[in-house]
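1. Next comes the sequence, and after it the predicted model I'd like to discuss.
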Amino acid sequence: MGSKISPLAQVHEDATIEDGVEVGAFSVIGPKVHIKRGARIDSHVYIEGCTTIGEETRVYPFATLGTEPQDLKYAGESTELVIGKRNSIREYCNINVGTVQDDSKTIIGDDNLLMVRTHVAHDCVIGNKCIIANGVNLAGHVKIDDGAVLGGMVGVHQHVRIGKLVMAGGGAMVAQDVPPYCMVHGDRAKIKGLNVIGLKRSSLGREEIAHLKLIFRTIFDSGLRKDKAVEKIQEMAEFPDIGKQFVTFLEKSTRGICRPPLES
């Protein structure tokens with residue numbers, strides 16, 4: 001099965017277009033772009049740079065992918081944007097390539113939904129099955145783990161990490177790392193509690209969720225210093241993998257951790 005490319009599209013002769021790809025009218029595809037099998041590029045899409053679009057990903061009109069970073073340190077180095085399988089990248093999304101100050105790659109995993117006007121800056125890494133709502137802005141070097149949901153107009157500071165299955169409420173300004181399974185909101189974003197709805201929708205069982213609640217209380221409600229809270233979590237024998245996720249996240253945090261608001 002061949003590709004279906006509109007005669008009104010501008011596809012560079014050096015671009016790699018696999019079988020089953022569709023490219024709509026007035027889209028522009030640059031020479032270093034690789035579009036994999038079954039991907040669909042709607043009309044009026046602009047893709048440049050060293051950009052890979054994974055199988056069965058759909059890119060909607062007026063998205064711009066692989067553009068240069070909005071970083072004054074960028075000097076035209078050869079860097080990449082890698083987008084995985086079955087993503088939905090909606091209208092007016094903007095995703096930049098990486099920089100040599102990091103791993104030279106911006107990476108989008110599989111099965112993600114990036115809604116209208118999402119901005120993904122240089123060197124961001126988004127995992128799998130994430131939902132990024134309308135108007136979200138991710139600054140450079142942001143890391144988002146699997147299953148996270150960011151509500152409309154959320155802003156995320158440079159170098160922040162968003163943990164697995166986190167829920168960030170609409171309009172949250174996230175300036176510090178958000179541990180796995182938690183929910184944050186506000187400016188500056190504070191921990192609201194566990195993302196209970198997200199946990200119930202996941203594959204985690206009732207006992208695992210109860211264990212997460214115990215870990216959450218140990219970190220945020222026990223009054224223990226972080227190192228003492230980590231020791232206590234490591235001593236919990238039940239579901240050690242979940243405890244390890246929290247401990248690893250806390251130990252690797254470079255910007256500090258979002259916390260619940262202080263009681264008045």
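-> Good, I have the coordinates.
2. can you map out the helices along the protein?
-> Remark: helices assigned in the chain by DSSP state H are 196-201, 206-220, 226-235, 240-252.
3. for the last one, packing partners?
-> So the one you mean is helix 240-252. Using 3 or more Cβ pairs under 8 Å, 6 or more residues apart in numbering; DSSP states H and E as the contact criterion, the neighbours of helix 240-252 among helices and strands are helix 206-220, helix 226-235. Using the backbone N, CA and C atoms, a C-beta is placed for each residue, glycine as well.
4. Indicate which one of those is closest to residue 34.
-> Residue 34 lies closest to helix 206-220 among these, at 39.7 Å (Cβ to Cβ).
5. If I take that closest one and helix 240-252, what angle do their directions form?
-> Between the direction of helix 206-220 and that of helix 240-252, the angle (axes from the mean of the first three to the mean of the last three Cα atoms, to 10 degrees) works out to 30 degrees.
6. domain ranges for the protein?
-> When the chain is parsed with automatic domain parsing, its domains come out as 4-141, 199-252.
7. Among those, show the one with the smallest mean pLDDT.
-> Ranked on mean pLDDT, the bottom entry among these is domain 199-252, at a mean of 90.
8. tell me how far the ends of that one are from each other?
-> Between the opening and closing residues of domain 199-252 we find a distance of 23 Å, counting by Cα to Cα, to the nearest Å.
9. Kindly present the helices of the chain as a markdown table, with separate columns for mean neighbour count and distance to residue 83.
-> Written out in a markdown table, the entries for the helices of the chain read as follows (neighbours: other Cβ atoms under 10 Å; distance: least, Cβ to Cβ, whole Å):
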| stretch | mean neighbour count | distance to residue 83 |
| --- | --- | --- |
| helix 196-201 | 14 | 24 |
| helix 206-220 | 16 | 31 |
| helix 226-235 | 14 | 35 |
| helix 240-252 | 15 | 25 |
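10. Go through those and name the closest to residue 75.
-> Proximity to residue 75, assessed across those by Cβ to Cβ, is greatest for helix 240-252 (29.6 Å).
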